[in-house]
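>>> What follows is a predicted protein model with its sequence.
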Amino acid sequence: MNLIKKLAATALLATSLLTMGCGSGQIASVDVSKVMEEAPRVKTLMDEAETKAKAVQADFEKEYANKPDLSQEEVAKAQMDLQRKLQGINQAYTSQIKNRLDVVLEEIAREKNLDVVISNSAQDKMIFHGAIDVTDDVIKKMQ
C-alpha cells in the first residue's frame with residue numbers, strides 16, 4: 001500500500017506540473033489516503049489483486065505441499081518464482097490505480113481550471129489553508 005501512496009504522490013506532482021499554466025494560480029489538494037480507502041474503483045482493484053494473489057499462493061502451496069523431497073535450492077527457486085508472481089500482480093494493479101488516478105486528476109484540474117493539485121493527506125499536511133479540496137470529487141470519479 002505504501003508503494004501505491006508513493007506512486008499516487010508522484011502522479012499528483014506530474015499532473016500538477018502538466019496542468020500548470022498562466023491561470024489565476026488556483027491550487028487544489030487531494031487526500032490520496034482517503035481516496036485509496038474510499039474510492040469504489042480502488043477497492044474493486046485491490047480486491048481483485050488480493051484474490052489473484054491468494055490464488056497464486058494456493059496454487060504454490062498445492063503444488064509444493066506433496067513434494068517433501070525437494071532440495072533447498074529447488075525450494076528457494078520456487079519461493080522466488082512465487083514472489084515474482086506476487087510482485088507482478090501487485091505492480092499490475094498498482095499501475096492500473098495510478099493510471100486511473102492520473103486521468104481523474106487531470107479531468108478535475110481541467111474542469112475546475114486548476115493550476116496545481118497537491119497531495120495533502122492528514123498525515124503529510126502540505127497546505128493548511130487556501131487550497132480547494134478535490135478529494136471527494138476524485139472519489140466520485142473513481143467509480
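Arrived safely, thanks for sending.
>>> Count the neighbours of residue 112 for me.
Using other Cβ atoms under 10 Å, residue 112 has 13 other residues around it. All C-beta spots, glycine's among them, are computed from the backbone N, C-alpha and C.
>>> Can you check which helix is longest in the protein?
Assignment by DSSP state H gives helix 72-111 as the longest helix of the chain.
>>> just the helices in the protein please.
2-19, 32-38, 40-65, 72-111, 135-141.
>>> Now do the fourth one and helix 40-65, the angle between them.
Following axes from the mean of the first three to the mean of the last three Cα atoms, to 10 degrees, one obtains 170 degrees for the angle between helix 72-111 and helix 40-65.
>>> Below-threshold pLDDT in the protein: ranges please.
By pLDDT under 70, the low-scoring segments of the chain are 1-24, 125-129.
>>> picking that back up, do you know which of the helices of the chain lies nearest residue 122?
Among the helices of the chain, the nearest to residue 122 by Cβ to Cβ is helix 32-38 (6.9 Å).
>>> What residues of the longest helix of the chain count as buried?
The neighbour-count check on helix 72-111 (16 or more other Cβ atoms under 10 Å) flags 82, 85-86, 89-90, 93-94, 97-98, 100-102, 104-106, 108-109 as buried.
>>> for stretch 38-49, same thing?
Of the residues in stretch 38-49, 38-39, 41-42, 45-46, 49 count as buried by neighbour count, 16+ other Cβ under 10 Å.
>>> what's the distance between residue 62 and residue 130?
Per Cβ to Cβ, to the nearest Å, residue 62 is found 56 Å from residue 130.
>>> oh sorry, the question was meant for residue 33
Remark: distance between residue 33 and residue 130 (Cβ to Cβ) = 21 Å.
>>> more neighbours, the two?
Neighbour tally, residue 33 and residue 130, criterion other Cβ under 10 Å: the higher count belongs to residue 33, 19 against 7.
>>> isn't that one right up against residue 120?
No. If you go by Cβ atoms under 8 Å, residue 33 and residue 120 don't touch, sitting 10.0 Å apart.
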